[in-house]
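Trainee: sequence first, then the predicted structure:
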Amino acid sequence: MVGEDGQPVPFDKGGEPPDEEGAARLQDEVRWQPGPGEGPEAGEPEGVLETVAAAEEAAFEQGAGAAVAAAATPARPHRPRMRTLYWRRLKKRPAALVGLIVFCIFLFLAVFGPWIAPYDYAAQDAALRLKPPSLSHPFGTDQFGRDILSRVIVGTRNIFLLGGIGTLAAALAGTAIGLASGYAGGWTDEVIMRLLDVLLSFPSLLLALVLLSTVGPSNINLVVVVAILYTPMLARVVRSMVLDLKSKEFVEAAKVRGEKRSYVLFREILPNSLPPLLVEASMRFSYSIFLVASLGFLGLGVQPPSPDWGLQINEARNFFAIAPWTLLFPAATIAVLVIATSLMSDGLRQVMLPGGGRK
């Protein structure tokens with residue numbers, strides 16, 4: 001709105017400020033100018049406006065400077081996840097990667113072996129006894145006409161179950177003993193370690209023979225024997241980690257906060273002890289495979305008609321001169337699995353332990 005003198009009028013005729021619609025129309029028609037008695041000359045000093053303007057300029061310069069500094073600051077490098085880091089290290093070691101792949105193949109056979117075996121492992125055919133390898137029977141047949149390939153595939157489950165469950169039981173028992181012994185220290189630690197040294201002083205196979213001869217051969221007894229044999233090694237590994245970690249700053253901080261002993265052991269110490277524990281457990285598993293097969297060969301492991309690899313070698317040794325494939329294929333399978341597991345465990349040691357990925 002414009003007055004008679006040509007100057008914009010900020011108020012309507014009633015002396016009231018315009019409403020929202022009127023204000024919008026004023027902005028479209030003319031820029032509002034302060035009227036008489038409304039500007040700085042009405043009592044508000046010029047210095048106030050200058051001070052406000054200076055403050056706004058300083059704030060703008062400060063914000064612009066912060067933005068430039070943020071842009072100039074290099075971005076913090078993204079730390080890869082441990083899983084990604086382990087995989088990068090593993091790819092640099094072809095032998096360990098091959099061992100892992102072969103181990104996974106055997107694990108697949110252990111899970112799905114009974115469904116993918118070409119024949120029934122217990123089916124006998126007198127007309128096919130001691131047949132050499134062929135397209136229909138790639139590993140040949142044994143003295144009862146049974147397909148050796150099917151028996152080897154199905155027998156993978158026995159090896160993994162007996163050796164794996166026994167190693168897992170040894171890992172659990174060894175972890176508990178190692179945590180308690182290493183954290184307690186003193187005479188408790190000394191007595192426990194000396195008892196474990198007594199078990200370690202006996203050869204593994206000899207101690208297994210003595211124990212199984214006493215309690216009798218069975219799957220449960222075999223698992224218990226494997227657990228007894230390998231618990232001392234795993235307990236010593238966990239104990240050494242506890243002795244090294246319990247004096248670290250993060251453990252001392254947990255104690256200062258008043259955390260319980262169980263919290264310190266299972267939330268602070270144990271997670272940092274898992275990499276060496278997993279490496280040692282994988283090595284013990286490779287030994288348990290050979291131990292279970294050896295006991296089966298000696299007749300103290302899995303009993304007939306189970307397709308145990310060691311039992312197959314025991315049954316085939318009398319026919320080695322005329323049908324060597326009946327012995328060679330089960331023995332070669334044991335060797336391949338043990339070597340693959342050893343390569344995998346060695347790769348885990350280099351990948352998971354501190355400095356394992358550096359040359």
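Mentor: Looks like it arrived, so ask away.
Trainee: could you use CA atoms for every contact and neighbour count after this?
Mentor: Fine.
Trainee: any idea how far residue 145 is from residue 99?
Mentor: 33 Å (CA to CA, to the nearest Å).
Trainee: more neighbours: these two, which one.
Mentor: residue 99 (23 against 18; other CA atoms under 10 Å).
Trainee: separation between residue 259 and residue 265?
Mentor: Distance from residue 259 to residue 265, by CA to CA: 10 Å.
Trainee: who has more neighbours, the two?
Mentor: residue 265 (17 against 12).
Trainee: got the contact list for the closest residue in space to that one that isn't next to it in sequence?
Mentor: Distance criterion CA to CA, 6 or more residues apart in numbering; nearest residue to residue 265, sequence neighbours excluded, is residue 179 at 7.1 Å. Each residue near residue 179 by CA atoms under 8 Å, 6 or more residues apart in numbering is listed here: 238, 239, 242, 265, 270.
Trainee: closest to residue 198 among the residues you listed?
Mentor: Closest approach to residue 198 among the contacts of residue 179 (CA to CA): residue 239, at 16.8 Å.
Trainee: verify the stated contact: that closest one with residue 185.
Mentor: No. In terms of CA atoms under 8 Å, residue 239 does not count as a neighbour of residue 185; the distance is 9.8 Å.
Trainee: give me the more crowded residue out of the two.
Mentor: Per other CA under 10 Å, whichever of residue 239 and residue 185 has more neighbours is residue 239, with 25 against 14.
Trainee: tell me the pLDDT at the more buried one?
Mentor: With respect to pLDDT, residue 239 scores 93.
Trainee: check residue 264 too.
Mentor: The model's pLDDT for residue 264 equals 86.
Trainee: just give me the closest of the contacts of residue 179 to residue 341.
Mentor: When the contacts of residue 179 are compared against residue 341 (criterion: CA to CA), the nearest one is residue 238, at 21.4 Å.
Trainee: mind telling me what element the closest one is part of?
Mentor: Assigned by DSSP states H and E, residue 238 belongs to helix 219-245.
Trainee: which is the next helix or strand following that helix?
Mentor: helix 249-256.
Trainee: this structure: helices as residue ranges?
Mentor: 20-29, 46-72, 82-91, 94-116, 148-184, 186-200, 204-215, 219-245, 249-256, 261-263, 270-297, 309-316, 325-352 (DSSP state H).
Trainee: now tabulate these in JSON lines and tack on distance to residue 132.
Mentor: Below are the helices of the chain laid out as JSON lines (distance: least, CA to CA, whole Å):
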{"stretch": "helix 20-29", "distance to residue 132": "101"}
{"stretch": "helix 46-72", "distance to residue 132": "74"}
{"stretch": "helix 82-91", "distance to residue 132": "40"}
{"stretch": "helix 94-116", "distance to residue 132": "22"}
{"stretch": "helix 148-184", "distance to residue 132": "10"}
{"stretch": "helix 186-200", "distance to residue 132": "44"}
{"stretch": "helix 204-215", "distance to residue 132": "34"}
{"stretch": "helix 219-245", "distance to residue 132": "32"}
{"stretch": "helix 249-256", "distance to residue 132": "63"}
{"stretch": "helix 261-263", "distance to residue 132": "60"}
{"stretch": "helix 270-297", "distance to residue 132": "23"}
{"stretch": "helix 309-316", "distance to residue 132": "14"}
{"stretch": "helix 325-352", "distance to residue 132": "7"}
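Trainee: out of these, the one nearest residue 125 is which?
Mentor: Nearest to residue 125, of the helices of the chain and by CA to CA, is helix 148-184 at 12.5 Å.
Trainee: which of the residues in the closest one are classified as buried?
Mentor: 148-160, 162-171, 173-175, 177-183 (16 or more other CA atoms under 10 Å).
Trainee: tell me what angle that helix forms with helix 94-116.
Mentor: 120 degrees (axes from the mean of the first three to the mean of the last three CA atoms, to 10 degrees).
Trainee: what mean pLDDT does helix 148-184 get?
Mentor: Helix 148-184 comes out at a mean pLDDT of 93.
Trainee: swap in stretch 189-200?
Mentor: 91.
Trainee: for that stretch, the distance to its chain's centre please.
Mentor: Per CA atoms, centre = their mean, to the nearest Å, the displacement of stretch 189-200 from the mean C-alpha position of its chain is 30 Å.
Trainee: pull it out as PDB, backbone CA atoms only.
Mentor: Only the C-alpha atoms of stretch 189-200 are listed here, as PDB (Å, rounded to 0.1, in the frame of the first residue of the first chain):
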ATOM      1  CA  ASP A 189      47.700 -74.100  39.700                       C
ATOM      2  CA  GLU A 190      50.800 -76.100  40.700                       C
ATOM      3  CA  VAL A 191      48.800 -79.200  41.700                       C
ATOM      4  CA  ILE A 192      46.500 -79.100  38.600                       C
ATOM      5  CA  MET A 193      49.400 -78.800  36.200                       C
ATOM      6  CA  ARG A 194      51.300 -81.700  37.800                       C
ATOM      7  CA  LEU A 195      48.300 -83.900  37.500                       C
ATOM      8  CA  LEU A 196      48.000 -83.000  33.800                       C
ATOM      9  CA  ASP A 197      51.800 -83.700  33.400                       C
ATOM     10  CA  VAL A 198      51.100 -87.200  34.600                       C
ATOM     11  CA  LEU A 199      48.600 -87.800  31.800                       C
ATOM     12  CA  LEU A 200      51.000 -86.200  29.200                       C
END
